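Undergrad: Structure, please.
(2 chains)
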Amino acid sequence: EAGVTQFPSHSVIEKGQTVTLRCDPISGHDNLYWYRRVMGKEIKFLLHFVKESKQDESGMPNNRFLAERTGGTYSTLKVQPAELEDSGVYFCASSQELRGREQYFGPGTRLTVT
Amino acid sequence: DAKTTQPNSMESNEEEPVHLPCNHSTISGTDYIHWYRQLPSQGPEYVIHGLTSNVNNRMASLAIAEDRKSSTLILHRATLRDAAVYYCILDKGSSNTGKLIFGQGTTLQVKP
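TA: Residues are numbered from 1 along each chain as shown, chains lettered A, B, ... in the order given. The predicted model follows:
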């Protein structure tokens, strides 16, 4: 069974540009989560999809971030326009059930905004 | 959100058991206790979880105190590959969407 995959593994962009991160969850997992770690900080929750619906987006930092999950399969996270403080590692995770079940994380996308 | 407290760092010798403690004194009756770890340059990895009873799997054991205000992750024989940051996380009550709230975790160093 393939794990959670993320693309790209690393992205370097200039301030003001747009970047789109992609996450492919484990097949059959309805729950998809985005997290990120900015330099020196803890891993923080961004949002949660159940199938194609946003269940909880309380962690999204501002309206420069847009997440989608069309068709309830893969998800994209777009940052537009990117700012320096957006640099960090963005993780995607998926799970089969909500509570009491493990989340499977991808390797992350390292975003560097210069 | 319920908070967990872990030591910042611990050391262990290779092939010896490791006991990683976690305090969660504000835990509620329906909170699951999860443990994840993050190896260098990788995403977090699920280790184990439990509710009330002790749990064992191929990776580790989880010992939960009777009052559930603390738990201990047990690695039976540490290897160099177990060097990682270990996170103790509470999966809160029914209102939670399942999101994980990470703290700073415990950085485990394993010495050969």
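Undergrad: Just the element for the most centrally placed residue in chain A, please.
TA: In chain A, the residue lying closest to the centroid (CA atoms, centre = their mean) is residue A:34, at 3.4 Å. Assigned by DSSP states H and E, residue A:34 belongs to strand A:31-38.
Undergrad: So in that sheet, which strands flank that strand, and in what orientation?
TA: Take DSSP bridges as the rule and strand A:31-38 pairs in its sheet with strand A:44-50 (antiparallel), strand A:88-95 (antiparallel).
Undergrad: Quick check: which of these is buried the most?
TA: strand A:88-95 (a mean of 24; mean count of other CB atoms under 10 Å in any protein chain shown). Heads up, the C-betas are built off the backbone N, CA and C, glycines and all.
Undergrad: show me the residues around residue 104 that make contact.
TA: No chain in the question, so chain A it is. Neighbouring residues of residue A:104 by CB atoms under 8 Å, 6 or more residues apart in numbering or on different chains: A:3, A:4, A:25, A:26, A:29, A:93, A:94, A:95, B:46.
Undergrad: that answer is for a different chain, and I need it for chain B
TA: Here residue B:104 is in contact with A:42, B:6, B:8 (CB under 8 Å, 6+ apart).
Undergrad: Equivalent analysis for residue B:22, please.
TA: By CB under 8 Å, 6+ apart, the contact list for residue B:22 reads B:4, B:5, B:6, B:33, B:35, B:70, B:71, B:72, B:73, B:88.
Undergrad: Would you mind giving the residues you listed as CSV with secondary structure and distance to chain A added?
TA: Shown next, in CSV, are those (DSSP: H, G, I helix; E, B strand; the rest coil; distance: CB to the nearest CB, whole Å):
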residue, secondary structure, distance to chain A
B:4, coil, 12
B:5, strand, 14
B:6, coil, 12
B:33, strand, 10
B:35, strand, 10
B:70, strand, 19
B:71, strand, 15
B:72, strand, 19
B:73, strand, 14
B:88, strand, 13
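Undergrad: Rebuild those as CSV, extending it with neighbour count, distance to residue B:64 and pLDDT.
TA: Putting those into CSV (neighbours: other CB atoms under 10 Å in any protein chain shown; distance: CB to CB, whole Å; pLDDT from 0 to 100) gives the following:
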residue, neighbour count, distance to residue B:64, pLDDT
B:4, 24, 13, 93
B:5, 13, 16, 94
B:6, 21, 15, 97
B:33, 24, 6, 93
B:35, 24, 11, 96
B:70, 19, 8, 96
B:71, 25, 5, 97
B:72, 17, 8, 98
B:73, 25, 10, 98
B:88, 26, 11, 96
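Undergrad: which bits of chain A sit near chain B?
TA: For chain A, the contact set with chain B under CB under 8 Å from any CB of the partner chain comprises A:4, A:31, A:33, A:35, A:42-45, A:48, A:55-56, A:59, A:91, A:93, A:95, A:98-100, A:102-108.
Undergrad: For ChimeraX, what selects the buried ones among the residues you listed?
TA: In ChimeraX syntax, the buried subset of these is picked out as below (16 or more other CB atoms under 10 Å in any protein chain shown):
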select /A:4,31,33,35,43,44,45,48,55,56,59,91,93,95,98,99,102,103,104,105,106,107,108
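Undergrad: now the end-to-end length of stretch A:40-53.
TA: End-to-end distance for stretch A:40-53, by CA to CA, to the nearest Å: 31 Å.
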